[in-house]
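S.K.: pasting a predicted model and its sequence here:
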Amino acid sequence: MLKMTWRALGLAAAVALCAPALAGAPISPRFNADPSPHYFAGKFYLYATNDQDNSGKYWDSTDWRLFSSKDMKTWTDDGSFLSVAVFKWARPDAKAWAPEAAQRNGKYYFYAPVGGDKIGVAVADHPQGPFTDARGDALIDKARDANAGDEPIDPAVLIDDDGQAYLMFGTRVPKIVRLQPDMIHTAGPIENLAVTGLPASDKKKVYGEAPFLHKRNGLYYFSFSTGWPGQIVYATSKNPMGPYEYRGVILDYLDISTNHQAIIEHEGKSYLFYHDKLLPGGDSIRRSIAIEPISYAADGSIEQVRPANASKAAAK
């Protein structure tokens, strides 16, 4: 069982009293960020970066944290379940950044940005692990792979209705590549993902990082952060490879340097996971994950999410 100080227990109780977490309360008294939420085997699992254990000066933690829940209201801290040390090809002090997970063929796959220039993939028989290196080398490697971009980070995976899996990643220029059925090899070249219709009057509405892809009613929704700081905006397409047409803002600027989101649907409802500086002592380096419900208009557009307790950024 994880040990917690009385101060942490008191804060945890306060967090619980703020339930449901869907109202924008932090899901844990620990600092955590870069949410990768999933519903696996009858339970919600949330994979995250471990802001609690970074230096407080940079995003330099070397492991990832896991949280689980039966209802998205009360979350259990399942600990630091994996570190970069599982990838023997990586530097032991390599930074562990925004992760992703996927399930297929009875296996669970964890996509791990390592050191800012590679994405590894680990595999396990259970959502919480133990995970082992699935390949023995990186799935995406800036030094090896054509068009991997300046920073192959922020992986996101969509397994489509026809079984084809797609991996998105990258900063400044969004990348997309098909995955083979084994989920640990690419199929075809890495391509740039195009977004059209960005507002000409707002030059800040460009792609920055945090690509994410979900599908609803046959339409693909590509959401991302516009920069540092950034809004979470989205575009849609009828083809997962794009091009995508800009549709609007999901989450406005927050008073932190990064913004990172994921969207899941469960039992006909949609939820936005994001991070903000919600706990005492929180800032751009030590963030907290929260959840808000998402609503769609009749035309399929996403209505802007306005968390009541979000940090307020200065006008951009």
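M.R.: Thanks, I have it. Just so it is clear, the structure is predicted and the values come from calculations on it, not from any experiment.
S.K.: what about the stretch 101-250 of the chain, any weak spots by pLDDT?
M.R.: Scanning the stretch 101-250 of the chain for pLDDT under 70 picks out 201-204.
S.K.: change it to 80
M.R.: Within the stretch 101-250 of the chain, the stretches with pLDDT under 80 are 200-205.
S.K.: can you pull out the strands in it?
M.R.: Assigned by DSSP state E, counting those that start in this stretch, the strands in the stretch 101-250 of the chain fall at 107-114, 118-124, 132-133, 140-141, 156-159, 165-169, 175-179, 186-192, 195-196, 209-216, 219-225, 232-237, 244-251.
S.K.: so which of those strands comes closest to P26?
M.R.: P26 sits nearest to strand 244-251 of all the strands of the stretch 101-250 of the chain, at 15.8 Å, using Cβ to Cβ. Backbone N, C-alpha and C define where each C-beta goes, glycine included.
S.K.: three-state assignment of Q52?
M.R.: Counting by DSSP: H, G, I helix; E, B strand; the rest coil, the backbone at Q52 sits in helix.
S.K.: looking at it, it is touching P26, isn't it?
M.R.: No. In this structure Q52 lies outside contact range of P26 using Cβ atoms under 8 Å: 11.8 Å.
S.K.: which one of the two has more residues nearby?
M.R.: Between Q52 and P26, P26 has the larger neighbour count (other Cβ atoms under 10 Å), namely 26 against 20.
S.K.: distance of that one from G115?
M.R.: 28 Å (Cβ to Cβ, to the nearest Å).
S.K.: repeat that for H214.
M.R.: Per Cβ to Cβ, H214 is found 28 Å from G115.
S.K.: neighbour count winner among the two?
M.R.: Each of H214 and G115 has its neighbours counted (other Cβ under 10 Å); G115 has more, 20 against 17.
S.K.: got a list of what the residue nearest to that one when sequence neighbours are not counted touches?
M.R.: Among residues not flanking G115 along the chain, A94 sits closest, at 3.6 Å (Cβ to Cβ, 6 or more residues apart in numbering). With contact taken as Cβ atoms under 8 Å, 6 or more residues apart in numbering, A94 is in contact with 62, 84, 114-115.
S.K.: distance to L251 added to the residues you listed, as TSV?
M.R.: Formatted as TSV, the contacts of A94 follow (distance: Cβ to Cβ, whole Å):
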residue	distance to L251
T62	29
V84	29
V114	27
G115	28
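S.K.: going along the chain, name the helices of the stretch 1-150 of the chain.
M.R.: Here the stretch 1-150 of the chain has its helices, by DSSP state H, counting those that start in this stretch, at 6-17.
S.K.: measure S270 to N217 for me?
M.R.: Counting by Cβ to Cβ - S270 and N217 are separated by 11 Å.
S.K.: and the two? which has more neighbours close in?
M.R.: Between S270 and N217, counted using other Cβ under 10 Å, the more crowded position is S270 (17 against 6).
S.K.: pretty sure the more buried one sits against Y296.
M.R.: Yes. Using Cβ under 8 Å, S270 is in contact with Y296, at 7.2 Å.
S.K.: what do the two both touch?
M.R.: In contact with both S270 and Y296: R216, using Cβ under 8 Å, 6+ apart.
S.K.: for the spatially closest residue to E191 that is not a sequence neighbour, name its beta-bridge partners.
M.R.: The shortest distance from E191 to any non-neighbouring residue, by Cβ to Cβ, 6+ apart, is to I176 (5.6 Å). Per DSSP bridges, the residues bridged to I176 are M168, E191.
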